[in-house]
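A.B. asks: Provided below are the primary sequence and the corresponding predicted coordinates.
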Amino acid sequence: MDTTAILARLHRVCPALATRLDPDRPLRACGLDSLEFVDLLCAVEAEFSVRLGTDELRPETTLRDLAALIATRRA
Amino acid sequence: MTYADYLSQSERQRWLLETDIPWSEVDAPAALTQPDLLKRLRESALIESFFPHLTPRVLDVVWDDPAATAIFSVQLYESYKHFHVFNLYLEKIGASPVTDAEIVAVRRRHLGLRYDSATRILTQYFMSEHFAAHAFFKDSRLARCPALRRILHLVAQDEVRHSQFGYELLDARLARHPDERPVALDAARHYTHFGALVVDEIPVPEKNDFVAIVGLNQRLVRLCGEGIAFN
């Protein structure tokens, strides 16, 4: 699965969060707070069976980086 | 937040004890290598078992907000489900589950529990659930037993939703009663987790979770225009 498909699925499973996120801006810069990070990573686990901890996301991580990370873990 | 929104979100995320937990993957030997985590799980079970006693007291002060009363009724159902799944897991791995006698003893200590401010209670509620979501999420990453990882993941997801609805109900209440912002801030600054009514020490995998505290402060700033830090 490529990152574009993952981004589309992320938009589907977290509509409230995804509409606020620009794929190429850091998640933190898009205004995500810690609870929303937990929400996002729970959704990632539920949708892709990929378990990520909050410490695996750097301050500069974008939604596209996250999609790439998911793709790598699923490979 | 309306009850319809909350109900729809809850239904989408609803999980079933029988089919969504991989009970066949319970790994008792792996679980028993993590006594600290199991202790937190047991104490969390006891805290979750307290909600049938706590929630009616909360309903007493949010009676003038029909959405809040209905949403808290769903929250009550889910909290006791958390207790039940934690306790069932403890039983399956041969650890000591929480007993009815313990549950009753805690409730007996709080027979006179009463609240007088919806703003205060909503602040305490959304903050407690915020920390619970972070704690269960962290423990879901730490757990070695696959079944426990799944349980904690599902519960963390529920707690995210609980905190979010507490926050949104408080936001709506403060919009109706802007003069109560100082009350919310005061409640935040004197915050104690609901679990402190039940156990001596709140079960968290990481004390002073900086990320969770910063996230909470961001939310308070959005609600009240200022955060927990004193100037």
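C.D. replies: Here it is on my side, so go on. Numbers count the residues shown, from 1 in each chain, chains lettered A, B, ... in the order given.
A.B. asks: from here on, contacts and neighbour counts on C-alpha atoms
C.D. replies: Noted.
A.B. asks: whichever residue of chain B sits closest to chain A: neighbour count?
C.D. replies: At 4.7 Å from chain A, B:Gly215 is the closest residue in chain B, using CA to the nearest CA. The local packing of B:Gly215 (other CA atoms under 10 Å in any protein chain shown) involves 18 other residues.
A.B. asks: and the helix or strand harbouring it, average pLDDT?
C.D. replies: B:Gly215 is located in helix B:210-224, with elements delineated by DSSP states H and E. Mean per-residue pLDDT for helix B:210-224: 88.
A.B. asks: mind exporting the C-alpha coordinates of the lowest-mean-pLDDT helix or strand in chain A to CSV?
C.D. replies: Least confident element among the helices and strands of chain A, by mean pLDDT, DSSP states H and E: helix A:15-18 (a mean of 77). Taking C-alpha atoms only, helix A:15-18 is exported to CSV below (Å, rounded to 0.1, in the frame of the first residue of the first chain):
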residue,chain,number,x,y,z
PRO,A,15,-12.3,12.7,9.6
ALA,A,16,-12.4,15.3,12.4
LEU,A,17,-8.6,15.3,12.7
ALA,A,18,-7.7,14.8,9.1
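A.B. asks: what residues does chain B put near chain A?
C.D. replies: Contacts of chain B with chain A, taken as CA under 8 Å from any CA of the partner chain, map to B:130, B:133-134, B:137-138, B:141, B:153, B:156-157, B:160, B:211-212, B:214-216, B:218.
A.B. asks: just the buried ones from those residues, in ChimeraX syntax?
C.D. replies: To isolate the buried ones among those in ChimeraX, judged by 16 or more other CA atoms under 10 Å in any protein chain shown, type:
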select /B:130,133,134,137,138,141,153,156,157,160,212,215,216,218
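A.B. asks: stretch B:139-149: end-to-end distance?
C.D. replies: Length of stretch B:139-149, first residue to last, CA to CA, to the nearest Å: 8 Å.
A.B. asks: ok, back up a step: what comes up buried for the least confident helix or strand of chain A?
C.D. replies: Here helix A:15-18 shows A:Leu17, A:Ala18 as buried, counting by 16+ other CA under 10 Å.
A.B. asks: kindly report the same for stretch A:15-34.
C.D. replies: Buried-residue list, stretch A:15-34, by 16+ other CA under 10 Å: A:Leu17, A:Ala18, A:Leu21, A:Pro23, A:Pro26, A:Leu27, A:Arg28, A:Cys30, A:Leu32, A:Asp33, A:Ser34.
A.B. asks: measure the closest residue to the third one other than its chain neighbours to chain B for me?
C.D. replies: Ranked by CA to CA, 6 or more residues apart in numbering or on different chains and with sequence neighbours excluded, the top spatial neighbour of A:Leu21 is A:Cys30, at 5.9 Å. Taking CA to the nearest CA, to the nearest Å as the criterion, A:Cys30 is separated from chain B by 13 Å.
A.B. asks: where does A:Cys30 sit: helix, strand or coil?
C.D. replies: With DSSP: H, G, I helix; E, B strand; the rest coil as the basis, A:Cys30 sits in coil.
A.B. asks: just checking, it touches A:Leu17?
C.D. replies: No - counting by CA atoms under 8 Å, A:Cys30 does not reach A:Leu17; the two are 9.8 Å apart.
A.B. asks: got a list of contacts for the one helix or strand B:Leu46 maps to?
C.D. replies: Using DSSP H and E, the element containing B:Leu46 is helix B:35-49. The set of residues external to helix B:35-49 that reach it, using CA atoms under 8 Å, 6 or more residues apart in numbering or on different chains, is B:31-32, B:79-80, B:82-84, B:86-87, B:90, B:97-98, B:103, B:139, B:143, B:195, B:198-199, B:202-205.
A.B. asks: so B:Asn208: helix, strand or coil?
C.D. replies: Applying three-state DSSP: B:Asn208 is coil.
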